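[1] Sequence and predicted structure, then a few things I'm wondering about:
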Amino acid sequence: MGQQLMIGISGTGIDPETERQLQEIQPGFIILFARNISSAGQVKELIAGLKQQVSPSPLIAVDQEGGRVIRFARDITVFPGNMALGAADSPDLAFNQGFFSAMQLKALGIDVNLAPVVDVLAEHYNPGITIRSFGDDPEKVAELAVAFARGTRMAGMAAVAKHFPGMGAAQVDPHLDLPAVSLSEDAFEAVHRLPFRKLMADGINGIMSTHLCCPGLDGGGSIPATFSAAIVADYIRRRCGYDGLVFSDDLEMGAIARHFSIGESCLRAMRAGHDVLLICKDYGRQKAGFYALLDGYTRSEPAQEGLDESVRRISALRDFCSAPISAHEHFPDAAPEALAQSIAREAVTVIAAGTGPLPIDSEVTDEIQLIIPDLSSTPVLEDGYEPSERHPIIRACRECFPGRCSFHFFPLNPRPDDVERIAAAADRQCPCIIFLSDALGNRGQQNLIVKIRERRRQPIFVLLDNPFDYTLIAPGETCLTAYGLRKTQLLALVQVIFGKAPAPGKLPCRIQP
């Protein structure tokens with residue numbers, strides 16, 4: 001029965017407590033997070049040890065989506081995320097990213113990538129998804145997701161699409177609490193479930209459900225989709241005829257843990273039709289969930305039949321992941337780092353070509369001013385983001401611009417005194433480039449925009465990781481984005497700002513200014 005559990009572990013090695021946990025539960029899957037990763041060599045050693053602890057050997061999973069959500073910031077290629085692929089609008093690039101990311105993960109011993117995200121965005125800001133989505137066109141989302149998943153599978157790695165039946169219209173992050181989306185079944189079917197249908201038809205290895213109340217889908221809507229057989233088993237198994245694995249999302253998320261015990265959550269998720277249940281952190285909850293399931297299966301013969309079906313599907317996935325990768329004429333012929341740079345360049349989008357000087361001409365400008373958020377507290381960043389001259393934005397600007405670069409850093413959530421200090425420093429005549437990071441969710445950055453606008457004409461606004469920040473930009477102001485803050489994306493942005501490269505990307509979602 002432990003085969004049905006995907007659990008997280010606590011550190012970068014196998015300590016006695018972790019060893020006891022694995023021996024007791026015998027999980028079918030183990031998921032790795034940044035807390036488990038210090039280097040590629042350490043991860044290979046950890047995975048080898050984990051696979052010796054459990055029989056049959058657990059499948060190792062990770063969320064390496066690209067862009068905002070990654071677990072490896074070094075030793076393997078850090079790719080831009082889904083919205084960058086959506087702006088580039090190239091299934092070939094999506095396929096290649098899926099393939100190369102999977103090849104690098106596979107070399108470490110990882111079997112399952114919990115990607116791609118296929119949520120279709122609505123017109124409003126969605127804090128839990130945003131740049132994790134390919135965009136707001138369900139057909140294009142499906143096309144890019146199918147390409148990404150095919151690339152992943154060609155490398156011998158399982159791909160898992162999420163978050164069924166679609167989180168794109170939610171306005172609450174389920175990591176925090178339980179969202180609800182009151183769309184009709186027709187709206188879900190035409191927009192949000194469409195990519196999942198196409199992925200299931202294409203043979204994707206797994207589908208991950210989400211913690212989302214959907215009154216238009218199950219008649220009541222008071223329980224999360226995670227617990228709804230009408231949403232999970234009836235639709236995925238009966239209507240779509242899908243025989244791959246169905247995963248829950250993490251049952252420790254606020255959307256579930258704030259309202260239900262872990263034992264009740266496991267039983268209800270299992271009865272809804274899931275094959276694999278995620279409990280990603282707490283060892284006590286993992287044990288409680290395990291024994292709740294054990295008791296539930298002991299008492300129910302139909303549940304035991306469902307368990308047999310789940311174990312059959314898990315065994316088939318294990319066979320897929322262990323099969324040798326055969327040479328194939330369609331393997332991409334490119335280098336991973338070059339591919340990441342190509343995606344970043346193709347994604348850069350000028351959302352508004354206002355009166356600000358774009359590109360900045362170094363023949364007529366001898367100084368620029370950079371206003372940069374301190375991103376160093378952001379989880380899982382590459383090296384070098386501390387607020388200093390080594391910052392990748394400053395280094396990229398100095399590569400592209402021969403004149404003087406003055407710069408000022410501000411906290412991600414600037415206080416009033418920070419706002420006054422930065423705005424006063426921006427009171428100069430040279431071109432001013434202001435980098436924003438999720439300003440819609442940040443009152444301090446919104447105040448900073450207002451203050452700088454009072455002192456400066458024609459600022460250039462660069463949206464690092466939330467294109468919906470465009471709603472804060474005034475008519476006539478210049479605004480561009482690369483849909484992420486990875487080093488390849490920052491370099492691509494700076495090259496456009498100084499006329500070293502075009503901006504071919506197209507905004508993949510509607511944003512009302």
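    Received, thanks. Numbers count the residues shown, from 1 in each chain.

[2] Just the CA atoms of stretch 348-357, as PDB, please.
    Output of stretch 348-357 as PDB, limited to C-alpha atoms (Å, rounded to 0.1, in the frame of the first residue of the first chain):
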ATOM      1  CA  VAL A 348      11.300  39.000 -24.900                       C
ATOM      2  CA  THR A 349       8.200  41.200 -25.500                       C
ATOM      3  CA  VAL A 350       7.800  44.900 -25.700                       C
ATOM      4  CA  ILE A 351       4.300  45.200 -24.100                       C
ATOM      5  CA  ALA A 352       4.100  49.000 -24.600                       C
ATOM      6  CA  ALA A 353       6.500  51.000 -26.800                       C
ATOM      7  CA  GLY A 354       5.900  54.400 -25.100                       C
ATOM      8  CA  THR A 355       7.900  57.600 -25.200                       C
ATOM      9  CA  GLY A 356      10.800  56.100 -23.200                       C
ATOM     10  CA  PRO A 357      14.000  55.700 -25.200                       C
END
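
[3] list the buried ones in that stretch?
    348-352, 354, 356-357 (16 or more other Cβ atoms under 10 Å). Using the backbone N, CA and C atoms, a C-beta is placed for each residue, glycine as well.

[4] Report whether the expected contact of L293 with I25 is present.
    No. Between L293 and I25 there is no contact under Cβ atoms under 8 Å: 10.2 Å.

[5] who touches both of the two?
    Common neighbours of L293 and I25, using Cβ atoms under 8 Å, 6 or more residues apart in numbering, are L5.

[6] Please list the residues outside the longest helix belonging to the chain that contact it.
    When the chain is parsed with DSSP state H, its longest helix is helix 301-322. Outside helix 301-322, the residues that touch it by Cβ under 8 Å, 6+ apart are 1, 3-4, 28, 56, 59, 111-112, 156-158, 205-206, 243-245, 270-271, 273, 275-276, 296-297.

[7] helix or strand right after that helix?
    Once helix 301-322 ends, the next helix or strand along the chain (criterion: DSSP states H and E) is helix 336-347.

[8] helices or strands up against that next one?
    Under the contact criterion of 3 or more Cβ pairs under 8 Å, 6 or more residues apart in numbering; DSSP states H and E, helix 336-347 touches helix 82-88, helix 91-108, helix 487-497.

[9] quick one: the residue minimising distance to the centre of the chain and Q489, what's the gap?
    With distances taken as Cα atoms, centre = their mean, V69 lies nearest the centre of the chain, 3.8 Å away. Distance, V69 to Q489, using Cβ to Cβ, to the nearest Å: 15 Å.

[10] what's the answer for R197, then?
    In terms of Cβ to Cβ, R197 sits 31 Å off from Q489.

[11] Compare those two and say which is more crowded by neighbours.
    Q489 (29 against 17; other Cβ atoms under 10 Å).

[12] Let me have the helices and strands packed on helix 336-347 in CSV, adding mean pLDDT and distance to G135 as columns.
    What follows is the helices and strands packed on helix 336-347, written out as CSV (pLDDT from 0 to 100; distance: least, Cβ to Cβ, whole Å):
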stretch, mean pLDDT, distance to G135
helix 82-88, 98, 4
helix 91-108, 96, 12
helix 487-497, 98, 17
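
[13] Show me the two of the buried residues of stretch 348-357 that sit farthest apart.
    Using Cβ to Cβ, those span at most 18.1 Å, a distance reached by T349 and P357.

[14] right, and L50 touches P58 too?
    Yes. In this structure L50 lies within contact range of P58 using Cβ under 8 Å: 6.3 Å.

[15] Now stretch 232-242: average pLDDT?
    For stretch 232-242, mean pLDDT is 96.

[16] How far does that stretch sit from its chain's centre?
    Distance of stretch 232-242 from the chain centroid (Cα atoms, centre = their mean, to the nearest Å) equals 25 Å.

[17] Likewise for stretch 418-428?
    34 Å.

[18] Could you point out which residue ranges in the stretch 201-350 of the chain have low pLDDT?
    By pLDDT under 70, the weakly predicted segments of the stretch 201-350 of the chain are 221, 327-330.

[19] one more time with 90
    Applying pLDDT under 90 to the stretch 201-350 of the chain picks out residues 218-223, 255, 297-306, 324-334.

[20] Next: the stretch 401-513 of the chain.
    Along the stretch 401-513 of the chain, segments meeting pLDDT under 90 span 424-430, 454-458, 511-513.
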